[in-house]
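Asker: The following comprises the amino acid sequence and a computationally predicted model.
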Amino acid sequence: MSIVGLHHITLVCSHAQRTVDFYTGVLGLRLVKQTVNFDDPGSYHLYFGDELGRPGSAITFFEWPGAPRGGWGIGGTHHFALQVADYDGLLRWKRRLNDRDIGVEGPLDRHYFQSIYFNDPDGTIIEIATAGPGWTVDEDLGSLGSLLREPPPAMLIANRDAAAISASTWPEPVPTITPEMALSRGMHHITAIGADIERTHAFYGDLLGMQRVKMTSNFDDPTSAHWYWGVDNGRPGTLITYFERNPAKTRRARMGAGQTHHFALAVADEAAQLEWRERLLQAGLRVSPVLDRVYFKSIYTNDPDGHIVELATAGPGFGIDESAASLGTALQLPPWLEANRPAIEQRLTPLVLRDWAALADSELQPK
């Protein structure tokens, strides 16, 4: 019984069509499922990911029309990161985003990877991170996460060189997403905020059995701890990281547009999920019953700061009600809501699905 990796992250958006245009048209992800929030069937639940929406690639959204802007804080997520192969891919992304008037911070050297940061239309902080150089640049593989590793001072200085950072970009326009910059590798990590890093380690390391692969400090605030937990020696796509912040000086997370509702870790199957549920209950935590999400089964609990954490099965997957070729092209409802389809469809604004690959780099591209 073990955590397999990341499964998905679910955020709140205020406008479904705008979200579809951004994540498909700008970032090149695939819309793999149009459905509804099973707990609130009058609103969309949209899933984006690789060509099949595999666990670890899935970015999902509840649409809350008119929702006020949320905000990061203790008990919430700060950002999520997508993977790109290398530094050249990162520079291509910076140029592509800047050419669409999307502000980009970076590239920044995070020692274990390089990355850029930007916001989606609702303000969600998105990072794109390179796959390497990895965790062994300052520790042996056998001792990962065993000692505090402070950021190199020269790196902190370089990350404050605004002129050099601004000048680092791809020299030519990037009208199409090339194979080397495609985000089909899925997520790199999810970063949340907690009030006590040791207490967070007791949850992810001791209770959930995830491997602590790095103890360092927040490179943008070296007075704040930043720890990483993962699977397979911190393989990208398995990583949960936390900033430790003083609760006397840091607000609680504020739910709303642009903020994470929950994130999910992947477990192998339903039998493992039931074992996890029993283990969490024995630890005295609140745990939901097993819920049927059609494309996977889920249980929900909370981290020590109250963030909702889901444990989801890897399957059966998004192909259970659509062919691979037609994923995301039509509204899919769970069997128990199918009789209510006319009323549900009346409350939803139909989505326009553009063939972005067929469009020129023009004003039709979302800004």
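Answerer: Sure thing, it's come through.
Asker: buried sites along the helix or strand of the chain with the lowest mean pLDDT?
Answerer: One helix or strand of the chain scores below all others by mean pLDDT, DSSP states H and E: helix 153-158, with a mean of 92. Using 16 or more other C-beta atoms under 10 Å as the test for burial, helix 153-158 gives no buried residues. In short, each C-beta sits where N, CA and C put it, glycine included.
Asker: so what does the helix or strand that comes right after it touch, helix or strand wise?
Answerer: For helix 153-158, the succeeding helix or strand toward the C-terminus, using DSSP states H and E, is helix 162-167. Contacts defined by 3 or more C-beta pairs under 8 Å, 6 or more residues apart in numbering; DSSP states H and E place helix 162-167 against strand 105-109.
Asker: hang on, the earlier thing: identify all contacting residues around the least confident helix or strand of the chain.
Answerer: Here helix 153-158 makes contact (C-beta atoms under 8 Å, 6 or more residues apart in numbering) with Asp109, His111, Ala164, Phe219, Pro222.
Asker: now, the most widely separated pair of these?
Answerer: Ala164 and Pro222 (20.1 Å; C-beta to C-beta).
Asker: Of the two, which one has the most company?
Answerer: It is Pro222, of Ala164 and Pro222, that has more neighbours when counted by other C-beta atoms under 10 Å, with 14 against 11.
Asker: check contacts around that one.
Answerer: Glu150, Pro151, Leu156.
Asker: For those residues, give me CSV that also has distance to Met187.
Answerer: As requested, those are exported to CSV (distance: C-beta to C-beta, whole Å):
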residue, distance to Met187
Glu150, 26
Pro151, 23
Leu156, 26
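Asker: Could I get the pLDDT score of Thr223?
Answerer: Thr223 is assigned a predicted lDDT (pLDDT) of 89.
Asker: So for the host helix or strand of Arg279, what gets flagged as buried?
Answerer: If you go by DSSP H and E, Arg279 is part of helix 270-282. The neighbour-count check on helix 270-282 (16+ other C-beta under 10 Å) flags Ala272, Gln273, Trp276, Arg277, Leu280 as buried.
Asker: any chance of those residues in JSON lines, with pLDDT and distance to Gly123 too?
Answerer: Shown next, in JSON lines, are these (pLDDT from 0 to 100; distance: C-beta to C-beta, whole Å):
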{"residue": "Ala272", "pLDDT": "97", "distance to Gly123": "36"}
{"residue": "Gln273", "pLDDT": "98", "distance to Gly123": "33"}
{"residue": "Trp276", "pLDDT": "98", "distance to Gly123": "33"}
{"residue": "Arg277", "pLDDT": "98", "distance to Gly123": "34"}
{"residue": "Leu280", "pLDDT": "98", "distance to Gly123": "32"}
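Asker: quick revisit: can you give the distance from the helix holding Arg279 to the centre of its chain?
Answerer: 24 Å (C-alpha atoms, centre = their mean, to the nearest Å).
Asker: after it, next one along is what?
Answerer: strand 291-292.
Asker: What strands line up against whichever helix or strand comes after that next one, and which way round?
Answerer: Going down the chain from strand 291-292, the next helix or strand is strand 297-302, by DSSP H and E. Partners of strand 297-302 in the sheet, by DSSP bridges, are strand 291-292 (antiparallel), strand 308-313 (antiparallel).
Asker: how about those, which one is nearest Gln83?
Answerer: Of all the strands paired with strand 297-302, strand 308-313 sits nearest to Gln83, with 19.9 Å by C-beta to C-beta.
Asker: mind exporting that closest one as PDB, just the C-alpha atoms?
Answerer: What follows is strand 308-313, C-alpha atoms only, in PDB (Å, rounded to 0.1, in the frame of the first residue of the first chain):
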ATOM      1  CA  ILE A 308      -8.700  19.100   1.400                       C
ATOM      2  CA  VAL A 309      -6.600  16.100   0.200                       C
ATOM      3  CA  GLU A 310      -8.200  13.400  -1.900                       C
ATOM      4  CA  LEU A 311      -6.900   9.900  -2.500                       C
ATOM      5  CA  ALA A 312      -8.100   8.700  -5.900                       C
ATOM      6  CA  THR A 313      -7.800   5.500  -7.800                       C
END
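Asker: can you give me the offset of it from its chain's centre?
Answerer: 13 Å.
Asker: So what angle separates the directions of that strand and helix 270-282?
Answerer: 150 degrees (axes from the mean of the first three to the mean of the last three C-alpha atoms, to 10 degrees).
Asker: Show me the contact partners of strand 308-313.
Answerer: Here strand 308-313 has contacts from 3, 7-8, 55, 261-270, 273, 276-277, 293, 296-303, using C-beta under 8 Å, 6+ apart.
Asker: for stretch 31-42, same thing?
Answerer: Here stretch 31-42 has contacts from 20, 23-24, 43-49, 51-53, 58, 62, 291, 293-295, 318, 322, 327-334, 337, 340, 344, 347-348, 351, 353, using C-beta under 8 Å, 6+ apart.
Asker: and with 6 Å instead?
Answerer: 20, 24, 43, 45, 47-49, 53, 62, 318, 327-328, 331-332, 337, 344, 347 (C-beta atoms under 6 Å, 6 or more residues apart in numbering).
Asker: neighbouring strands for the helix or strand Val12 falls within, and are they parallel or not?
Answerer: Taking DSSP H and E as the definition, Val12 sits inside strand 3-13. Paired strands of strand 3-13, with direction, are strand 58-63 (parallel), strand 260-267 (antiparallel) (DSSP bridges).
Asker: which regions of the stretch 251-367 of the chain lie under the pLDDT threshold?
Answerer: Counting by pLDDT under 70, the stretch 251-367 of the chain contains low-confidence residues at 360-367.
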